[in-house]
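Peer 1: Sequence and computational prediction follow.
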Amino acid sequence: MSTPRKPVVPSSTPTTPRTKTTSTRGGASQTPAQGPRTRTTSTRGSSSVNPATARTRTTSTRGTATLAPPRVIGSSSRSKSPGRVPVRPPSPQPDPKSPLSIREAIALKRAQAKRAQSGSKTLKHEPLAEDIPREVQVDEVELSRWSISDSIERARSSGNLNLSSRSLSSPPTALFEIHLGVTPKPLNLAPKETEDELRAGKTKERAQTAWFEAVDLTALKLRDNVIVEIQPEISLFGSLKTLDLRNNRLTILPDTLGDLVNLVVLDLSSNQLTSLPTDIATLPMLTTLDVSSNQLTTLPLSVVASSSSSSNSASSFFAPATIERASKPLPSLRQLLASGNKLVANNVPVKDLPPDLSKCDLGNNPLGMAKNLVHALSQLSKLKQVILEGTNLTNDSFAAVKGFATLELLDLGKTKVTEKVGEIFPGRPISWEGEEIEDGVRVILGSRIKKEPWEIIAEKGRSRKAQTIPDSQQAEPLKEAWEVEAENGLLTEGGRRRARAAAAQLSSVDLSPTARSSSSSSQNPSPTPTLTQYYDSAVSALTLPRSLPRAHTRSRSLAPMLSDGSDPTVPAPTLPLPVIVSQPFASTLRVLVLSNRRLDPSFILPANIVESEPLLPALEELRLDCCSLCDSVSVLVSDDSHKDPIFSILASLFPSLTSLDLSDNKLTCLSGVRALLIPDPARKTRGLKALKVRGNRISDLMGLEAVAQVLKSEGRVEAWRLEELDIRDNEIAKLPPMLGYLPLDVLLVEGNTFRVPARRVWEREGTKGLLSWLKDRVE
């Protein structure tokens, strides 16, 4: 019989609690003398003290401490005896100052820079820049550009200042204070900028430019702003050559703008100007004046003052006492761009047009009757382009006009002018579609049809091909393969045997120039296979069919060979030169393609070769890739067979060769390549510009090293340079330093076994860096 369990009554006498303490390096923990059982965990840099209340579990991390809710010990309403009811702690709340990611930090910095530029106040719910952890702060170079004040300070050493797209209402006052030490007078229309606007953007502590490092300002770009007025002190920048004020809100310009006598380019387009200062016509060095897209009604092309010099009204150390002006209106002007205004032809001073004008754009203006203006333009001896698009001109404006001796473009699109205007160009070819024509005039009439770049290239290609290929060859139909075989009598086995016998007999026949003439007069000449079907007259290229090793078969039929693209009329050797030189196009052949002809890797030559008369005098490119050629090739001349170095035999056969492709063969060295590479007037060799030996077994570059040694000692050959050298995918274990003296444009070396130089040298710095690296290591 079991006794009932007595309920546990809490004692009023305090007892010593059981405590478990865990500490790590740098931590400190204290165990209380009284209180319930407590578990404490601390980490480095933290300290926690156990409370003397209920049983508590405390967990602290680095620099922080978090108290977990206590376990409540008491009675339950459903239980007769008191028990321990565990209470699950709530999920931890995220720290409001948790570290931001790099993307969030970049977005925050950009938002702050934008607010600082627009002058808006900082929002309360966004964290400040100092709240961003240091490890996620991004360099400011990537987030914004230099501030206005820093840009002005940096321009003291460079002479170029670009303040485009800064929302400026006027040139900054700091520009005059930093560069000239002058404080300009306040403007009426534009407020003075604040210090925050000058400091908006990227700033950096930088020492001021020393006086001996400072240079005069030569280029000032203030385009794409909201500038409404310019300080008259702008004339104090006497060395200014480029002034760009495009796309602003200017309505008036200071009269002192004409004091910038060194100005070369002045861009005032896309503003709201109604007039220009009269002294602009006296700028002696101005070559480009762009005043398009304004509200101008006249052009100031007349010199008001007759004197060539005038006193300067600006009293400053930087302003000279007198300013040398031009006595004639804009004597150096080359381009006058005034489209999109309200100009009338009668308001243009035609007698004062610049004599050296080469381009005049007066399009999209209500010119009206412009007979005097057109006549004045026709008398300019250097005028090349006249753009009058979108004006209300008619044929009456071009009546009885003579001149335009050097004109290349006359744009009369969207006008009422007809093709009758061509009468002003007697004896000169005219292109009415706007295409370029040699020694002619391009005239554009009516609505212009804008063509895509690919359409222009396609039309030029078709016209060039039509001029190159004769009409007889253009009309010749393309024959099928069976038709070609039928013409050569290859549809029967007997015809194939006769073709093989004729090719074998032809290989032993004398096909020199004298022998060819004598053989043509014989009564029973041997049949010569024709290669016209493999010749492309457009590019003067001959591509022979491939000759691959035959597949195993018991019969002697030519079916296997014909199925792989071969032709039994063409001899099997890689270079059947007697057959090629007997063709009617041999004297003009420029490209010879002998790829994949590895059935018989040998060369067949005519019986008597005259060295003074090249067999293929115009050959420039030769492709012998995938032909199983070795360093020495078998040469068959009549009944004599011997081996010659491949580079030597090619140099003697084709002196005019400039491109050679020997990729994917069995070459092990480049011995004798000097005879092909370097031009030799004695042998009439032109020198290679492209040599490709990729995918061979080349292990040394002694041939190229010998060429580089000659160039180092004798100097570079005039008018010769190797444009491309491809030695990829070989077995080269070392690059000779002497290769640095080769005049190379492109050097491809990957896929070899050398480890020096490192891959980054020729991958990052390219051919120029690799050659420089090799040249520096020549003892």
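Peer 2: Ah, there it is.
Peer 1: Not counting residues beside it along the chain, what's closest to residue 183?
Peer 2: residue 177 (6.0 Å; CB to CB, 6 or more residues apart in numbering). (Each C-beta comes from the backbone N, C-alpha and C, glycine too.)
Peer 1: What of residue 264?
Peer 2: residue 241 (4.6 Å).
Peer 1: roughly how far apart are the one you found and residue 193?
Peer 2: Per CB to CB, to the nearest Å, residue 241 is found 26 Å from residue 193.
Peer 1: now swap in residue 616 and tell me
Peer 2: In terms of CB to CB, residue 616 sits 75 Å off from residue 193.
Peer 1: out of the two, which sits in the more crowded spot?
Peer 2: Set residue 616 next to residue 193 and count neighbours by other CB atoms under 10 Å: residue 616 wins out with 22 against 19.
Peer 1: what's the span of stretch 380-393, first residue to last?
Peer 2: This stretch, stretch 380-393, spans 20 Å end to end (CA to CA, to the nearest Å).
Peer 1: Mind listing residues that contact it?
Peer 2: For stretch 380-393, the external contacting residues (CB atoms under 8 Å, 6 or more residues apart in numbering) are 339, 353, 355-368, 370, 377, 404-417, 444, 448.
Peer 1: what are the ranges of the strands in the stretch 501-650 of the chain?
Peer 2: 535-536, 541-543, 573-576, 591-593, 600-605, 621-623, 632-637, 640-645 (DSSP state E, counting those that start in this stretch).
Peer 1: Can you say which of these is packed in most?
Peer 2: Comparing these by mean neighbour count (mean count of other CB atoms under 10 Å), strand 573-576 ranks first with a mean of 24.
Peer 1: ok, which stretches of the stretch 451-600 of the chain are helices?
Peer 2: Taking DSSP state H, counting those that start in this stretch as the test, the helices found in the stretch 451-600 of the chain are 453-468, 471-474, 481-487, 493-506, 513-520, 559-563, 577-581.
Peer 1: Which strands and helices lie in contact with the third one?
Peer 2: Looking back up the chat, that one is helix 481-487. Using 3 or more CB pairs under 8 Å, 6 or more residues apart in numbering; DSSP states H and E as the contact test, no helix or strand touches helix 481-487.
Peer 1: Just the buried residues of that helix, please?
Peer 2: The neighbour-count check on helix 481-487 (16 or more other CB atoms under 10 Å) flags 484-485 as buried.
Peer 1: pLDDT on it, on average?
Peer 2: In this model, helix 481-487 has a mean pLDDT of 71.
Peer 1: and if you look at the first one?
Peer 2: Averaged across helix 453-468, the pLDDT comes to 70.
Peer 1: Three-state assignment for the nearest residue to residue 729 once chain neighbours are set aside, please.
Peer 2: Sequence neighbours aside, residue 751 is the residue nearest to residue 729 in space, at 3.8 Å (criterion: CB to CB, 6+ apart). Put simply, residue 751 is coil when judged by DSSP: H, G, I helix; E, B strand; the rest coil.
Peer 1: Pull up the per-residue confidence for residue 751.
Peer 2: pLDDT, read off for residue 751, is 92.
Peer 1: The residue nearest to residue 264: neighbour count?
Peer 2: Around residue 241 there are 20 residues (other CB under 10 Å).
Peer 1: Residue 262 is in contact with that one, correct?
Peer 2: Yes. Counting by CB atoms under 8 Å, residue 262 is a contact partner of residue 241 at 5.7 Å.
Peer 1: Between the two, which contacts overlap?
Peer 2: Joint contacts of residue 241 and residue 262 (CB under 8 Å, 6+ apart) are residue 285.
Peer 1: can you count the residues close to the nearest residue to residue 425 once chain neighbours are set aside?
Peer 2: Leaving aside its chain neighbours, residue 425 sits nearest to residue 441 (5.2 Å; criterion: CB to CB, 6+ apart). Residue 441 has 19 neighbours, counted by other CB under 10 Å.
Peer 1: Which residues are in contact with residue 441?
Peer 2: Contacts of residue 441 (CB under 8 Å, 6+ apart): 404, 407-410, 425, 428-431.
Peer 1: Show me which of those are buried.
Peer 2: 404, 407-410, 425.
Peer 1: What is the most widely separated pair among those?
Peer 2: The span of the buried ones among the contacts of residue 441, defined through CB to CB, is set by 409 and 425 at 12.0 Å.
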